[in-house]
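[1] the following block contains a protein sequence and its predicted model.
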Amino acid sequence: MAGIEIRGERVRVYFQYQGEKCREPMGPATPENIAHAERIAGIVDHEIRLGVFDYARQFPNSKRLATNTLGHFADLWLGIIASEVADTTLRSYKSKVETHIRPRWGRTQADQVDPIDLQTWVKQELPKTLASKTIKEIVTIMRQIYRLYSSRHRTTFDPTYGIQVRLPDPEDPDPFTRDEIERILTTPTKRVQELNMIDYMLWDGPRLSEAMALAWEDVIDLEKGLIRYRRRQFRHAYRVTKTRRSTREKTLLEPARQALQRQWKITGHLSPREIEIIDRDNTTKRKAKLRFVFLNSNTGKPHYGDAAIRQRFFKQHLEKAEVRYRGPNQCRHTYASQLLSSGVAPIQWVAEQMGHSSPAMIYKHYGRWINEDGPNINALIEAALKLK
């Protein structure tokens, strides 16, 4: 039911729309304005009953419209999550909002985004220039914005409902073979520290970000090969490990321990550097003085970001070693595949060594090495039971 009300010397129209009581000013409470407000109230009431009411047409200067645009709620959402996500994640979200969502939908009333128009944008327009992964992230952001919108407008319809973006199958791990490992490690280079780090990664499997942030303070016992992973270096910032499970202690295989021993002679005597480590809440920061294990051979400074290692060392070194190029992350895959191919490493143990929460991740990514490259289990059983 719509009507009018007079407050002091002003008249306004009131009505119920989408579960909310709305009020729109109509100016001074003159007889002419009161009569005009009554006519508008009647029209609004009639259009709402028919389901054809257009808020922007009837009240184009309404303050409610300015605070009901998708762009307004996108800004609210970004402000709310700013303290909840990492700086790099927030920058990624802002980039997608500013580059894709705001230009197309920013000025549109959030309750006027047509589901079919949105599907057409997602399925036909975005794929012309964007990868499926990016499109999926954009849809996820839109969905989060509408979740926030619905907290204020409880009867709203989420136009992202039912939109699915399928991703291509992830590429299989492409580890280095034993022959390639030999060529990588025996090809001479002036960048000894980087080669030591690659040797270490091949035989202990840390993420590159973890290897760059490894400090001598993390080496519990070099002779016994006891170390722990507690942080990573990611996009020019030091952070705690990717997941709580990734914070782990382990005993190194002999080649990894020897790589550390060689590196000790280069950086073990250096003075500590003070750094700031961002905690898992992305807000808490603490200072620490650390002596990093692996430094940039050219500058003598810690590595910041993986691009320098990948482009300015590893790619060139593989070419010199006549090894087909794969990124440094394949060192981690190489470690896992070597463990699984041995046939003696339990899957749960491999998962713990890699910092995964369950063996399911190992089966998902490395099933081929479990099933194809391992020993002939049937033959071992037959031999043990003397069946042949």
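    Noted; the coordinates are in hand. Only a predicted model underlies this, so the values are computations on that prediction, with no experimental measurement involved.

[2] tell me the secondary structure of Arg257, please.
    The three-state assignment at Arg257 reads helix, by DSSP: H, G, I helix; E, B strand; the rest coil.

[3] which ones are touching the nearest residue to Ser357 once chain neighbours are set aside?
    The shortest distance from Ser357 to any residue other than its chain neighbours is 4.7 Å, reached at Arg245 (C-beta to C-beta, 6 or more residues apart in numbering). Where C-beta positions appear, they are placed from N, C-alpha and C, glycine not excepted. The neighbours of Arg245, taking C-beta atoms under 8 Å, 6 or more residues apart in numbering as the test, are 355-357.

[4] distance check, Arg245 against Pro328.
    Relative to Pro328, Arg245 is positioned 22 Å away (C-beta to C-beta, to the nearest Å).

[5] hmm, back to that, give me the buried entries from the contacts of Arg245.
    355-356 (16 or more other C-beta atoms under 10 Å).

[6] where along the protein do the strands fall?
    For the chain, strands defined by DSSP state E occupy the ranges 3-7, 10-17, 20-28, 219-221, 226-229, 231-233, 238-240, 248-251, 273-278, 285-290.

[7] single out the most deeply packed of those.
    Sort the strands of the chain by mean neighbour count, taking mean count of other C-beta atoms under 10 Å, and strand 231-233 sits at the top with a mean of 23.

[8] tell me who's in contact with Glu180.
    Taking C-beta under 8 Å, 6+ apart, we find Glu180 in contact with 321, 323-324.

[9] and if we set it to 6 Å?
    By C-beta atoms under 6 Å, 6 or more residues apart in numbering, the contact set of Glu180 is Val323.

[10] Serialize the contacts of Arg245 to a markdown table and add fields for distance to Val219 and pLDDT.
    Listed next are these as a markdown table, based on distance: C-beta to C-beta, whole Å; pLDDT from 0 to 100:
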| residue | distance to Val219 | pLDDT |
| --- | --- | --- |
| Gly355 | 17 | 84 |
| His356 | 23 | 80 |
| Ser357 | 25 | 71 |
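
[11] and for the closest residue to Val293 other than its chain neighbours, the neighbour number?
    Leaving aside its chain neighbours, Val293 sits nearest to Leu214 (4.6 Å; criterion: C-beta to C-beta, 6+ apart). Per other C-beta atoms under 10 Å, the neighbour tally for Leu214 reads 26.

[12] could you do Asp279 as well?
    11.

[13] got a list of what it touches?
    Each residue near Asp279 by C-beta under 6 Å, 6+ apart is listed here: Val240.

[14] for it, grab phi and psi.
    Dihedral pair for Asp279: phi -80, psi 180, per degrees, to the nearest 10.

[15] quick check: it vs Val240, distance?
    Distance, Asp279 to Val240, by C-beta to C-beta: 6 Å.

[16] domain assignment for the chain?
    Per the record, the chain has its domains at 3-64, 70-152, 178-328, by automatic domain parsing.

[17] list the buried ones in stretch 125-134?
    For stretch 125-134, the neighbour count (16+ other C-beta under 10 Å) marks 126, 130, 134 as buried.

[18] excluding covalently adjacent residues, which one is nearest to Ile184?
    Once flanking residues are discounted, Ile184 sits nearest to Ala321: 5.3 Å by C-beta to C-beta, 6+ apart.

[19] cool, and Arg12?
    Once flanking residues are discounted, Arg12 sits nearest to Pro25: 4.7 Å by C-beta to C-beta, 6+ apart.

[20] look up how far Glu5 lies from that neighbour.
    Taking C-beta to C-beta as the measure, Pro25 falls 11 Å from Glu5.

[21] can you check Leu148 too?
    Plainly put, Leu148 is 31 Å away from Glu5 if you go by C-beta to C-beta.

[22] okay, now the unreliable bits of the protein?
    Across the chain, residues meeting the criterion (pLDDT under 70) sit at 367-388.

[23] dead centre of it: give me the residue that sits there.
    The centroid of the chain falls nearest to Thr89 when counting by C-alpha atoms, centre = their mean (6.3 Å).
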